[in-house]
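Student: The following block contains a protein sequence and its predicted model.
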Amino acid sequence: MRITGTFLDEITHDIPASNWGHNEWAKDFDVMKRIGIDTVILIRAGYRNKVAFKSKTIEKCTGGILPVPLDLVELFLDQAEHCGMDFFFGTYDSGLYWHQGDYQKEIDINKAFTEEVISKYGHKKAFKGWYVSNEIDSYDESVIKVYQQLTGHLKQLKNVPILISPYVHGIKQYADDPITLDQHTKAWDRAFSTITGMIDIVAFQDGQVNYHELADYIAVNRELAKKYGIACWSNVESFSRDMPIKFPPIGWPEMLHKMTIASERGVEKLITFEFSHFMSPNSIYPAAHNLYNRYAEWLLQGDADMSVKRE
Amino acid sequence: MRITGTFLDEITHDIPASNWGHNEWAKDFDVMKRIGIDTVILIRAGYRNKVAFKSKTIEKCTGGILPVPLDLVELFLDQAEHCGMDFFFGTYDSGLYWHQGDYQKEIDINKAFTEEVISKYGHKKAFKGWYVSNEIDSYDESVIKVYQQLTGHLKQLKNVPILISPYVHGIKQYADDPITLDQHTKAWDRAFSTITGMIDIVAFQDGQVNYHELADYIAVNRELAKKYGIACWSNVESFSRDMPIKFPPIGWPEMLHKMTIASERGVEKLITFEFSHFMSPNSIYPAAHNLYNRYAEWLLQGDADMSVKRE
Amino acid sequence: MRITGTFLDEITHDIPASNWGHNEWAKDFDVMKRIGIDTVILIRAGYRNKVAFKSKTIEKCTGGILPVPLDLVELFLDQAEHCGMDFFFGTYDSGLYWHQGDYQKEIDINKAFTEEVISKYGHKKAFKGWYVSNEIDSYDESVIKVYQQLTGHLKQLKNVPILISPYVHGIKQYADDPITLDQHTKAWDRAFSTITGMIDIVAFQDGQVNYHELADYIAVNRELAKKYGIACWSNVESFSRDMPIKFPPIGWPEMLHKMTIASERGVEKLITFEFSHFMSPNSIYPAAHNLYNRYAEWLLQGDADMSVKRE
């Protein structure tokens, strides 16, 4: 399986801005199309007081937003349409309320926000999905309520698939109290049971556990998703969590390993966080240019390397 | 208002060396001139045992200095003159004595050091200012004494304006005990009252407080500077303090926000820390090339985007 | 003295992957040759479950290895031969057993691993040395046992020089409890006394102590190595330990300082960790391109700058 989807991360949280304008983005969409990307997912349309378009809703909520020199939502929708891709719209992340347990405020802002979004961009042909940007790693009562109360609203506004991309409470991010596979299984059995029928697709992040643990985690994710009728994609992270620099492009062997594991465990689609910073020949990181070349060579030579034995 | 001044940071403290030689610097000065820079400020002419020229004073004080393959002071002065810019000379930072409260040693070294500087470079046409490199964020008795005792000496050596660039004890650098606006106001009222008539220009760093707090801080800085007869510039930092990587080029919306805020609050000049690493098409950071392009586009289109509403 | 050796760090521990393929490596070997490199040292042939070639030994020990899209050992040996360089093979680092005191397991894996290596690559003309990859900063009973028990095995497999590259428990890495020169001297007198006749070459890392301390440390290292009949090289680190970013290319003045100190203290050869990331015109870090240019200019102009006085 090849990577056919990518997040778009310009309203960033912990990845530095590339400072791309219209032409740089257009060029990168062309490369994405050429390498097989058919799905792009806006990681979030706003974070705190930074928004991907001039949103009156967020301006009112936050008391003022940063300048918006470029309407990224319009740009991404137009580029996706031009390249025949599906665009998933990522909701607003206050960076605040849901961390304080005030899920209701997070919901209310997003209800108003997504109404504004649909009135502005709902007619765009590439608008083919929603992405709920609040990430969790376990059963989390507050966020589950966000999922429960927001998804119905989103479907009413536009009846397209809803995606989430949870993380794993793994050793690379939580060295002090990493989750066990058994704890992960129980937590997500519970979480999925409460959102079945609301969330259409789940794409777990694959970078928090050790490389030799990944197969087991993906197998569990796949099985649980199936049990609750949720499509299972894998978010094959193209950055490294193993280095002192947070975060550089990942090494190609590690990327290939994670893609292979996910393919073998039967996930339905591979997406990545994210192409433009970490895998693109246009990236601000030169190592990403090389990762692109390694990936492109591998695509050309077929799956010869997929036969490497792993545990 | 556009950015018309920049620091020169090659005797760096926490920013990696670009390893530029004569030609790379000459090329970057040409770009600076083209984009409107008329003032360059050497952040420091020496730090610990690294010096921008082969200084006998610092060699004697430290017991030995690092090799000086290139006389940066001569280079910068010549380039500034060639480009019609004003050069501010940044004093020596021991990285040691003033942190230990031994302000007298910091003063004595700098008195001898600046005498050496004037004997070597005092005749250069671009030598148009002093920059006292010891940064403070509040009333700091030791450093105030450095300001008080060193500025007279500097003026005697060459009667040109003296600049300082304080930081703010803000939440982004001091998450545990961020200063309040009221504390900041009182501290700087006191600090300015002790250095009025000695310091000509103050350019507060603008990156330590949250984006929505900045307007209030700049307004206070502007008002206090006016009260004490000090010119008020703003040091619009072109790097980001928001990312795990310390430090990448800032996002263009954040930069534009800070420039706009400062313009509206009436500061007299915008400078940046600093062009060559974070905003230059020649930077070692590719995201800086893009920031330059966004900035240049904005200059061309006028201030259309300045009309974005902010709190 | 110029730099005539470099580590090869693609099975990396804390330096991000460049993601180079065959052509990028071939191009970099050509540059190395042109700039005077005659010795290349594979920092480690494996780390945890990542290996530089498809090793059955490591696959068996770890339960599975990451994919190996490119046989780096074959590539490096062929390139070294093509360029007339000596290649030192770096042993496997479990990242595990020797840190837990289980030196026997580290030894046993490496005995089997190096047998596999010799059966595959022992005939290659460039195979001219061993590098024992377990690094220590002091007398360390476990690792000394690794040295004692592994070196005989290595010599039996192929009788070529054995290199180690210890670090110094210096202030830049251990700010809380930096070693004193006296402690360092005693620890390494003891360590060398236990491995004399087993280790042929020692190349201490030079980046953990302050620049003004380096001369004394290198003098001690040189003297102790001579006492115990071990050749003394210096590992002139071409990355900076002084910056918040871990790790960027070093500034040229610092590099020149460390090279000069080592030359003057009589070490027999200068190697670096490492050329391809931090000093190469092909590096993923643009500042490394500039460091290469500064270094090349210095080579061309002879040792004029070496006359700069240092303490």
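Tutor: Arrived safely. Source: prediction; values computed, not measured. Numbering: from 1, shown residues only, chains lettered A, B, ... in the order given.

Student: Close to chain C: what parts of the stretch 101-250 of chain A are there?
Tutor: Proximity of the stretch 101-250 of chain A to chain C is confined to A:211, A:212, A:240, A:243, A:244, A:245, A:248, A:249, A:250 under the rule C-beta under 8 Å from any C-beta of the partner chain. For every residue, glycine as well, the C-beta is placed using N, CA and C.

Student: so can I have JSON lines of the residues you listed showing distance to residue B:195?
Tutor: Listed next are those as JSON lines, based on distance: C-beta to C-beta, whole Å:
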{"residue": "A:211", "distance to residue B:195": "58"}
{"residue": "A:212", "distance to residue B:195": "61"}
{"residue": "A:240", "distance to residue B:195": "48"}
{"residue": "A:243", "distance to residue B:195": "45"}
{"residue": "A:244", "distance to residue B:195": "40"}
{"residue": "A:245", "distance to residue B:195": "40"}
{"residue": "A:248", "distance to residue B:195": "44"}
{"residue": "A:249", "distance to residue B:195": "48"}
{"residue": "A:250", "distance to residue B:195": "51"}
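
Student: Export stretch A:70-81 to CSV, keeping only CA atoms.
Tutor: Taking C-alpha atoms only, stretch A:70-81 is exported to CSV below (Å, rounded to 0.1, in the frame of the first residue of the first chain):
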residue,chain,number,x,y,z
LEU,A,70,-4.1,34.2,2.7
ASP,A,71,-7.4,32.3,2.8
LEU,A,72,-6.0,28.8,3.3
VAL,A,73,-9.4,27.1,3.3
GLU,A,74,-10.3,28.5,-0.1
LEU,A,75,-6.8,27.8,-1.4
PHE,A,76,-6.9,24.2,-0.2
LEU,A,77,-10.4,23.5,-1.5
ASP,A,78,-9.5,24.9,-4.9
GLN,A,79,-6.3,23.1,-5.2
ALA,A,80,-7.9,19.8,-4.1
GLU,A,81,-10.6,20.3,-6.7
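
Student: in that stretch, what counts as buried?
Tutor: Using 16 or more other C-beta atoms under 10 Å in any protein chain shown as the test for burial, stretch A:70-81 gives A:70, A:71, A:72, A:73, A:75, A:76, A:77, A:78, A:79, A:80.

Student: again with stretch A:114-129
Tutor: By neighbour count, with 16+ other C-beta under 10 Å as the criterion, the buried positions of stretch A:114-129 are A:114, A:117, A:118, A:120, A:121, A:124, A:126, A:127, A:128, A:129.

Student: on that earlier part again, tell me which of the residues of the stretch 101-250 of chain A next to chain C is nearest to chain B?
Tutor: Looking at those and their distance to chain B, the nearest is residue A:245, at 6.3 Å (C-beta to the nearest C-beta).

Student: pretty sure residue A:40 is in contact with residue A:85, am I right?
Tutor: Yes - with contact defined as C-beta atoms under 8 Å, residue A:40 counts as touching residue A:85 (5.4 Å).

Student: starting at the chain centroid, how far to stretch A:107-115?
Tutor: Here stretch A:107-115 shows a centroid-to-chain-centroid distance of 20 Å under the convention C-alpha atoms, centre = their mean, to the nearest Å.

Student: Quick one: residues contacting the closest residue to residue A:255 other than its chain neighbours.
Tutor: Leaving aside its chain neighbours, residue A:255 sits nearest to residue A:238 (6.1 Å; criterion: C-beta to C-beta, 6 or more residues apart in numbering or on different chains). The contact partners of residue A:238, taken as C-beta atoms under 8 Å, 6 or more residues apart in numbering or on different chains, are A:249, A:250, A:255, A:272, A:273, A:274, A:275, A:278, A:279, A:288, A:291.

Student: which SS state does residue A:138 fall under?
Tutor: Assigned with DSSP: H, G, I helix; E, B strand; the rest coil, residue A:138 falls in the coil class.

Student: From residue A:273, how far off is it?
Tutor: According to C-beta to C-beta, to the nearest Å, residue A:138 and residue A:273 sit 19 Å apart.
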